[in-house]
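Undergrad: Sequence plus predicted model, see below.
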Amino acid sequence: MAHPPRFPPPRDPMAERRRHVRVPMRGATPKVAKIFGSGLEVTDCRIVDLSAGGACLELTRAATLPKAFELVINPGAIRKRCKLVWKAGQRFGVVF
């Protein structure tokens, strides 16, 4: 008995379009970072998820973010120049 050909499911136009897989930050200790920018007071944030090309971050307090800033993860260990690409409430997405 012949089986019908298998086709991949149709692509959802709203499906994930990221170039890099993002990894959720889990664990007992929240992953925190600091945001530095021109004319911006140093701002703390929580890393929601992270990839080689960007991140989803969450502000720990209300702040207005510039379009470009520097993110410091694990103070002094990792520094990334970021560009703000979206914002929804206290969460926002950046590309490196």
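TA: Sure, I can see it.
Undergrad: quick one: the strands in the chain?
TA: Ranges of strands within the chain are 23-24, 32-37, 40-50, 54-59, 68-73, 78-88, 91-95, based on DSSP state E.
Undergrad: quick one: strands adjacent to the fourth one?
TA: Applying DSSP bridges to the sheet, strand 54-59 is found paired with strand 40-50 (antiparallel), strand 91-95 (antiparallel).
Undergrad: before we move on, back to that, can you add mean neighbour count and mean pLDDT and give the strands of the chain back as JSON lines?
TA: Just so you know, the C-beta spots here come from the backbone N, C-alpha and C atoms, and that holds for glycine as well. Shown next, in JSON lines, are these (neighbours: other CB atoms under 10 Å; pLDDT from 0 to 100):
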{"stretch": "strand 23-24", "mean neighbour count": "12", "mean pLDDT": "62"}
{"stretch": "strand 32-37", "mean neighbour count": "17", "mean pLDDT": "89"}
{"stretch": "strand 40-50", "mean neighbour count": "16", "mean pLDDT": "89"}
{"stretch": "strand 54-59", "mean neighbour count": "20", "mean pLDDT": "94"}
{"stretch": "strand 68-73", "mean neighbour count": "16", "mean pLDDT": "92"}
{"stretch": "strand 78-88", "mean neighbour count": "13", "mean pLDDT": "93"}
{"stretch": "strand 91-95", "mean neighbour count": "18", "mean pLDDT": "95"}
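Undergrad: Tell me which residues touch the closest residue in space to Gly37 that isn't next to it in sequence, please.
TA: The shortest distance from Gly37 to any non-neighbouring residue, by CB to CB, 6 or more residues apart in numbering, is to Phe69 (3.5 Å). Going by CB atoms under 8 Å, 6 or more residues apart in numbering, Phe69 touches Ile35, Phe36, Gly37, Ser38, Leu40, Arg81, Cys82, Leu84.
Undergrad: Good, wrapping up.
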